[in-house]
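1. the following block contains a protein sequence and its predicted model.
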Amino acid sequence: MLCSLQVYSSSASAAPTQLQTAVYKAQTDFLQKYKLKNTDIRQTMIYDLTNDGTSEIIILAWNARMGEDSRGYIGIYSKTGKLIAVQKYENYEFIPFQLHQLKNKTHKNCLALDNLPGGSGGSNMVILALRNNKLITLAQIDSSEGTRVIKDSDKDGNDEIYGYEWYLAEETRNVAHSVAIYDKYMYKWDSVNKKYLKYVYGQDGKRDDLRPHIGKLSLTEAVNLVNNASKKIYKTPSISFTSYKNNMQYLLTYNLIYEKYSESLVDTNSIYLPELEKNTSQLSFSSDGNKATLHGKIKYEDYDTGESGVMNTYIIFLKTKYGWKIDNTSYKI
Ligand SMILES: [Ca+2]
Ligand SMILES: [Ca+2]
């Protein structure tokens, strides 16, 4: 199905096929038209982009100069070497890097085009269809961290586009890019509204747009959350960072979890999480309602002196897409 050729050569020993001749003719014409060098041709694809049952020759070229002088072109030729369409990319912010075949039931055979990857390795992508001898943009796909995959997962005749993006939220505000939390995303063709829709999946694999609304935290919920987290964390005195993260990520914010990132083995006794009682605890909220503070009291007794007292503890909660999580803890006598 996928057919990608690089046959730019005038010294082939075997007699060229009709297709090779047409490709050569198209490539030569393209190079002359846009004053490009042989090496500027990055990709040649044989693909039926006009959806008439006959393949076209699609050439992607960009000159090797970096920066503002960079120019990119896509040329679409008929199988006989006649120019059908050209798309120019003369804005250096988008340098056409690689073409992929993409199926779409409405527009039939389409193209996905990667932008030249930036310094971070990520690059954005556009989805193109040929209409009236012009390439039209159906969607702009956000940059992905690492590999992007084009696949018809649900076998509905439309390819989906999968990638990964940095989970940027209040609960990841201090988490370094090097250890960032990546959410998976999917662009899916909406055949009713005729457009691609983006869906994001969280660390639990659930779609963000299907998550239940997170309501106001109640005092009972806050106390239970702290007590559950406390019970869970002290079960294992010492635990690998990965297990710690996996066990606690829906109770503690990533910000709080990643405070322990430098330790390969997390000493859970060094984490302060009390067990509280509802009748001695009070809950208050920030003005926007997205942050809550639980003020609890813990009785303590000094074994040496026999003195007893009450310690004040403050648990800060953040509203996240997963629900309320503990973001910080402190105490004072
Ligand atoms: Ca065709
Ligand atoms: Ca599909």
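-> Looks like it came in fine. Numbering: from 1, shown residues only. Ligands and ions are numbered 1, 2, ... in the order given.
2. surely S55 is in contact with K79?
-> Yes - counting by CB atoms under 8 Å, K79 is a contact partner of S55 at 6.0 Å. C-beta: built from backbone N, CA, C; applies to glycine.
3. residues of the stretch 51-200 of the chain that sit close to ligand 2?
-> Proximity of the stretch 51-200 of the chain to ligand 2 is confined to D152, D154, D156, N158 under the rule CB under 5 Å from the ion.
4. only the buried subset of those residues, as a ChimeraX command please.
-> Only the buried entries of those go into this ChimeraX selection, using 16 or more other CB atoms under 10 Å:
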select :158
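5. nearest to ligand 1: which residue in this protein?
-> Going by CB to the ion, ligand 1 is nearest to T50 of the chain, at 3.6 Å.
6. helix, strand, or coil at that residue?
-> The local conformation at T50, judged by DSSP: H, G, I helix; E, B strand; the rest coil, is coil.
7. farthest pair in the residues of the stretch 51-200 of the chain next to ligand 2?
-> Farthest-apart pair in those is D154 and N158; separation 8.4 Å (CB to CB).
8. please, where are all the helices along this structure?
-> Assigned by DSSP state H, the chain shows helices spanning 18-33, 219-233, 241-248, 254-257.
9. gap between the longest one and the chain center?
-> When C-alpha coordinates are averaged (CA atoms, centre = their mean, to the nearest Å), helix 18-33 and its chain have centres 38 Å apart.
10. what helices or strands is that helix leaning on?
-> Contacting helix 18-33 under the criterion 3 or more CB pairs under 8 Å, 6 or more residues apart in numbering; DSSP states H and E are the following elements: strand 41-47, strand 56-62, strand 72-77, strand 83-89.
11. cool, and the shortest one?
-> Taking 3+ CB pairs under 8 Å, 6+ apart as the contact definition, the neighbouring helices and strands of helix 254-257 are helix 241-248, strand 323-332.
12. residues of the shortest one that come out buried?
-> Spelled out, that is helix 241-248. Going by neighbour count (16+ other CB under 10 Å), the buried part of helix 241-248 is F241, Y244, K245, N247, M248.
13. for the third one, list the residues it contacts.
-> Shown in contact with K245 (CB atoms under 8 Å, 6 or more residues apart in numbering): I257.
14. report the longest strand in the chain, please.
-> Longest strand in the chain by number of residues (criterion: DSSP state E): strand 308-320.
15. now, which of the buried residues of helix 241-248 sits nearest T172?
-> Set against T172, the nearest of the buried residues of helix 241-248 by CB to CB is K245 (12.4 Å).
16. hmm, Y199 is touching K188, no?
-> Yes - using CB under 8 Å, Y199 is in contact with K188, at 6.4 Å.
17. look at the spatially closest residue to L111 that is not a sequence neighbour and report its pLDDT.
-> In space, L111 comes closest to L128 once its chain neighbours are excluded; the distance is 4.5 Å by CB to CB, 6 or more residues apart in numbering. On the pLDDT scale, L128 is placed at 98.
18. any low-confidence regions in this protein?
-> Within the chain, the segments meeting pLDDT under 70 span 1-13, 64-68, 119-121.
19. and Q43, bridged to which residues?
-> L60 (DSSP bridges).
20. how near is it to Y73?
-> Distance of Q43 to Y73, computed by CB to CB, to the nearest Å: 11 Å.
21. find the residues that touch each one of the two.
-> Counting by CB under 8 Å, 6+ apart, the shared contacts of Q43 and Y73 are I59, L60.
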